[in-house]
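J.: sequence-free structure coming up:
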């Protein structure tokens, strides 16, 4: 792992790991609410029961957070996971009614600010991917 990736991986990894740990024992009603929102971006999640969705979400966040924090996981791998995760969040944001301001397809409404801010996760993931690819390319030259 590149030393310059440490702050980015610590910040994103700790944030996502904490989020996943907080969802370990979600009540069914809370899991159903999250599942309803997630279905706007990834409709396939409706095939799961709310409890199974909650457990899968928690496990996925814990795994991604741990991968970002683990120095043995290459930055390209951790970055790819972060891009996939943040892509799902942003897809949900863009496809949930009321999240974007009236007349805009991107600018957040008051309700959408909490999710639109997750664009930083996409930027972090893309940075890890690009840096990892550039390092690999430099090693081959």
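T.: Perfect, I can see it now. Since this is a predicted model, take the numbers as computed values, not measurements.
J.: CA atoms for contacts and neighbours, from now on please.
T.: Noted.
J.: how much space between residue 45 and residue 51?
T.: Residue 45 is 11 Å from residue 51, where distance means Cα to Cα, to the nearest Å.
J.: How about residue 110?
T.: Applying Cα to Cα to residue 110 and residue 51 gives a distance of 29 Å.
J.: So these two - more neighbours on which side?
T.: For residue 110 and residue 51, the more surrounded residue by other Cα atoms under 10 Å is residue 51, and the numbers stand at 18 against 11.
J.: can I assume the more buried one is in contact with residue 31?
T.: Yes: between residue 51 and residue 31 there is a contact under Cα atoms under 8 Å: 6.3 Å.
J.: can you count the residues close to residue 16?
T.: Residues near residue 16, counting by other Cα under 10 Å: 23.
J.: quick one, what contacts it?
T.: 61, 62, 64, 65 (Cα atoms under 8 Å, 6 or more residues apart in numbering).
J.: part of a helix, is it?
T.: Yes: according to DSSP: H, G, I helix; E, B strand; the rest coil, residue 16 belongs to a helix.
J.: and the gap between it and residue 114?
T.: 15 Å.
J.: Take the contacts of residue 16 and write them to CSV, including distance to residue 75 and pLDDT.
T.: Compiled in CSV, these are given as follows (distance: Cα to Cα, whole Å; pLDDT from 0 to 100):
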residue, distance to residue 75, pLDDT
61, 17, 97
62, 17, 98
64, 12, 97
65, 13, 97
